[in-house]
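>>> structure of the sequence below:
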Amino acid sequence: MTLTAEPDARSSAAPPKRPPQPLRHRLAERGVDWTLLLILPAVLIIGALFVYPFLYGLSISFQPLRGNDPLSNYTDFFGDPYLRDSIWKTLRLAVPVAFLSVAAAAPLAFRMRRDFPGRQFVTLVVLLPLTFGSVLIAQGMAQVFSTTGWINLLLTSVGIPEQQFIYNYTGTFIAALLVSIPFAFVMLMGFFGGIDRSIEDAAATLGAGRAARFWRIIMPLATPGLVTAFTLCLVEAFAIFPSAILVGQPDNATHVLTLPIYQAASQRSDYPAAAAIAMVMTVLELLILGVLMLLRNRLYRGPSSGGKG
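Just a heads-up that it's a prediction; the model follows:
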């Protein structure tokens, strides 16, 4: 005779149900915090000022005023050597401007990490061109860099022949630099200022010289800032418009992409053609931005600063 054990009622009973957690706790477990709602205004502004205009411009670029071919605006642009060459002229202006702006602003921004007499005055002087605007800068250049301006007068006084600084590529290049250098300076001040000085002090106590501390500590930590500053200066130079007309050569050397967009929209009222050129410019910028962000991530995968900032 075999005895069978009766199942324990306590072991067969279902486990007690956990009370439902509040929504805030469930979202927190997934890394979602209510503070993310603070970005909602920025998302709405970006959607209203960029996403919607971009999608609208993209749609009308396939609606040509003449003909039924939806790609005719793009084929007209790439089929015209004069218009197509504006891509190269934009890159020929924007890339050197961005590079020289970062190269000129970086040493000064690095020096601003430490206090010295006249620091605030130097900062004010560097940032002053940002308050003028492109039009005012171009008008001032027309006086300073003209054949009778004080720059040429100074050159001729020391035996250097008179130079043509404006109404060509050089004039637009100088005007773009006057705006981009302060722009890069502001960004790089934050990146260099965010590097913790205690890291340098620790390296110095271990025997690292000034050059070793700069190239092995400062530069790796500042690399994300340098690439970001270069990227934003490049975008700024891509959108150059008043200087290309006022102190440039808009029918030749400075016939950048913004000019055919303006001519199509304002002079011919051909908004689909203008939208198509704007789409070409946008795609070109996005490709460059993607390459630069990939380069930034490959150069340095750590935080963008070593301490605050």
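>>> what segments of the stretch 201-309 of the chain are helices?
For the stretch 201-309 of the chain, applying DSSP state H, counting those that start in this stretch gives helices covering 210-213, 219-238, 242-246, 258-262, 271-299.
>>> single out the most deeply packed of these.
Stretch with highest mean neighbour count among those: helix 242-246 (a mean of 22; mean count of other Cβ atoms under 10 Å). C-beta here means a position set from N, CA and C on the backbone, and glycine is covered the same way.
>>> for it, C-alpha coordinates in CSV please.
Included here for helix 242-246 are C-alpha records, laid out as CSV according to Å, rounded to 0.1, in the frame of the first residue of the first chain:
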residue,chain,number,x,y,z
PRO,A,242,25.0,89.7,-48.6
SER,A,243,28.8,89.6,-48.7
ALA,A,244,28.9,87.6,-51.9
ILE,A,245,27.0,90.4,-53.6
LEU,A,246,28.3,93.5,-51.8
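>>> which residues does it contact?
Residues from elsewhere that reach helix 242-246 (Cβ atoms under 8 Å, 6 or more residues apart in numbering): 134-135, 137-139, 142, 171-172, 175-176, 250, 254-256, 258-259.
>>> about what we covered before: can you redo the helices of the stretch 201-309 of the chain as TSV with distance to Tyr167 and mean pLDDT?
TSV is the format used below for these (distance: least, Cβ to Cβ, whole Å; pLDDT from 0 to 100):
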stretch	distance to Tyr167	mean pLDDT
helix 210-213	44	85
helix 219-238	19	90
helix 242-246	9	90
helix 258-262	15	95
helix 271-299	24	90
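>>> of all those, which one comes closest to Asp196?
Asp196 lies closest to helix 219-238 among the helices of the stretch 201-309 of the chain, at 8.7 Å (Cβ to Cβ).
>>> what stretches of the chain score poorly on pLDDT?
Across the chain, the ranges flagged by pLDDT under 70 are 1-25, 27, 31-32, 34, 300-309.
>>> tell me which of the helices of the stretch 201-309 of the chain sits nearest to Val186.
The nearest among those, by Cβ to Cβ, is helix 219-238 at 9.0 Å.
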